[in-house]
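> Quick one, what's the 3D model for this:
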Amino acid sequence: MNLNLEYKIKNKAIELGYENCGIISIDDMKEYSDKLRERINKFPEIEKHSKEFYSFANLQKDYPWAESIIICTRRYGKYKIPKHLEGLIGKYYLVDSRTDTNSQDYQDSLLFENYLNELRLKNITNREFGVTALRWAALKSGIGIVRKNNFLYTESGSWVYLEAWVIDKKLTLKVENNLKKCPPNCNICVKSCPTKSLQEPYTINRNTCVSCLNTWEGWDLSKDKHNSEMGNWVYGCDVCQDVCPFNKNKWSEEEEFPYLEDLGDLISLEKIIEMDYEFLRNIMSSKFWYIPKDDVWKWKSNTINAMLNNYNKSYEKYINMACNDENENVRKMAYWAKEKIISGIL
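I've put the predicted structure just below:
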């Protein structure tokens, strides 16, 4: 059978383990600027970190040769998650394959890119953060829908990676899906958001999301008004996904993610406080790279906050230990926590 180019690309993606694949025109991204502007108008404080995303709606400015976008989904809700890390580190980050060369997902991504090169398609991607607005591209292609918690959903729920490649050929492959929309009266994700960052359906304030506060923001949690709402989370947050009815029974632990079990044995609230900075920089920062090497003290600061939010007497030893940490930020956080414990303000 002589397949056209679009289906050759999709079939190769499926062969390499992707769940689905669609192709859209770069013109399909133009509306994204309106959505981004709408979000910034609602939350002006996010403009500093969000205005750069306007470029996603005009890809030819950066890539004059750009014509289309290939967008793929890949299921990650199949990996075994160490139980003691649930509620501590977001599941996506535990099985993040974007830069993990040990992951088959990463290797398959390279193979797919090689295939595009074999087809003589000029292409560009960004494995870390995406070459364009991935959820919008996936929505426009039909391979999924965006739910009220702002995540892209497929038949596998929201537990899917998204990857995109900009290519230099005009191709289109839209996908039909039978996914049910969120019921009008369902707002469980909004009600469950710890910091109320998800203020209303399809609307989130990036600056107050727990996943942002314990990675990109929250540089002094002792003064952050949301510190007590962050619970046990030290990196990422899964609350709005975990409570979603459309994610029920969508995670099935079938496979081991490379070295996750071994790394998991080295991580707990207590062990993070005990970690030396060489381990934090070389191991933790390589796996969880939203916290850069120069700022790995944030792991301990986040951990002290988590200990305070669910305090028990056994944590006293570790908070005292942190009072003598080599990093000034950690020491300040630990003394702040100690004062709250002594005063009984928990």
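
> CA only for contacts and neighbour counts going forward, please
Will do.

> Could you work out the end-to-end span of stretch 138-158 for me?
End-to-end distance of stretch 138-158 (CA to CA, to the nearest Å): 12 Å.

> Just the residues contacting it, thanks.
Under the criterion CA atoms under 8 Å, 6 or more residues apart in numbering, residues 20-24, 28, 71-73, 75, 77, 135, 159-160, 162, 173-177, 179, 181-182, 187, 189-190, 198, 200-204, 240-241, 246-247, 250-251 lie in contact with stretch 138-158.

> where along the stretch 101-250 of the chain do the strands fall?
Ranges of strands within the stretch 101-250 of the chain are 123-124, 145-146, 152-153, 160-167, based on DSSP state E, counting those that start in this stretch.

> what's the closest of the ones you listed to Asn214?
Of all the strands of the stretch 101-250 of the chain, strand 160-167 sits nearest to Asn214, with 21.2 Å by CA to CA.

> Check which helices and strands the closest one is in contact with.
Here strand 160-167 touches strand 68-75, strand 123-124, helix 134-141, going by 3 or more CA pairs under 8 Å, 6 or more residues apart in numbering; DSSP states H and E.

> Centre of the chain to the last one, how far?
The gap between the average C-alpha position of helix 134-141 and the chain average comes to 16 Å, counting by CA atoms, centre = their mean, to the nearest Å.

> Same question for the second one.
Here the centre of strand 123-124 is set off from its chain's centre by 22 Å, with CA atoms, centre = their mean.

> And for stretch 209-220?
Distance, centroid of stretch 209-220 to centroid of chain: 13 Å (CA atoms, centre = their mean).

> Can you point out the buried residues in it?
Neighbour counts over stretch 209-220 (16 or more other CA atoms under 10 Å) mark 209-215, 217-220 as buried.

> which one of these is nearest Lys317?
Using CA to CA, the buried residues of stretch 209-220 come closest to Lys317 at Asp220, 21.9 Å.

> how much space between that closest one and Ile272?
For Asp220, the distance to Ile272 (CA to CA) stands at 18 Å.

> Could you do Lys48 as well?
Lys48 sits 31 Å away from Ile272, going by CA to CA.

> what residue is smack in the middle of the protein?
Residue closest to the mean C-alpha point of the chain, counted by CA atoms, centre = their mean, is Tyr92 at 5.9 Å.

> burial of Lys248, as a residue count?
For Lys248, the tally of surrounding residues (other CA atoms under 10 Å) stands at 12.

> coming back round to it: Lys48 and Ile272 - which one has more neighbours?
Neighbours were counted for Lys48 and for Ile272 using other CA under 10 Å; Ile272 has more, 21 against 9.

> Surely that one is within a helix?
Yes - judged by DSSP: H, G, I helix; E, B strand; the rest coil, Ile272 forms part of a helix.

> Turn the buried residues of stretch 209-220 into a markdown table, columns for pLDDT and distance to Ala334.
Output for the buried residues of stretch 209-220, formatted as a markdown table (pLDDT from 0 to 100; distance: CA to CA, whole Å):
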| residue | pLDDT | distance to Ala334 |
| --- | --- | --- |
| Cys209 | 97 | 23 |
| Val210 | 98 | 20 |
| Ser211 | 97 | 22 |
| Cys212 | 96 | 21 |
| Leu213 | 97 | 18 |
| Asn214 | 97 | 16 |
| Thr215 | 97 | 19 |
| Glu217 | 91 | 19 |
| Gly218 | 82 | 15 |
| Trp219 | 89 | 14 |
| Asp220 | 92 | 12 |
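
> which one of those is nearest Ser55?
Cys212 (21.7 Å).

> wait, doesn't that closest one sit right on Met230?
No - using CA atoms under 8 Å as the test, Cys212 is too far from Met230 to be in contact (10.7 Å).

> re earlier: which of the helices and strands packed on strand 160-167 sits most buried?
Most buried of these, by mean neighbour count (mean count of other CA atoms under 10 Å): strand 68-75, with a mean of 26.
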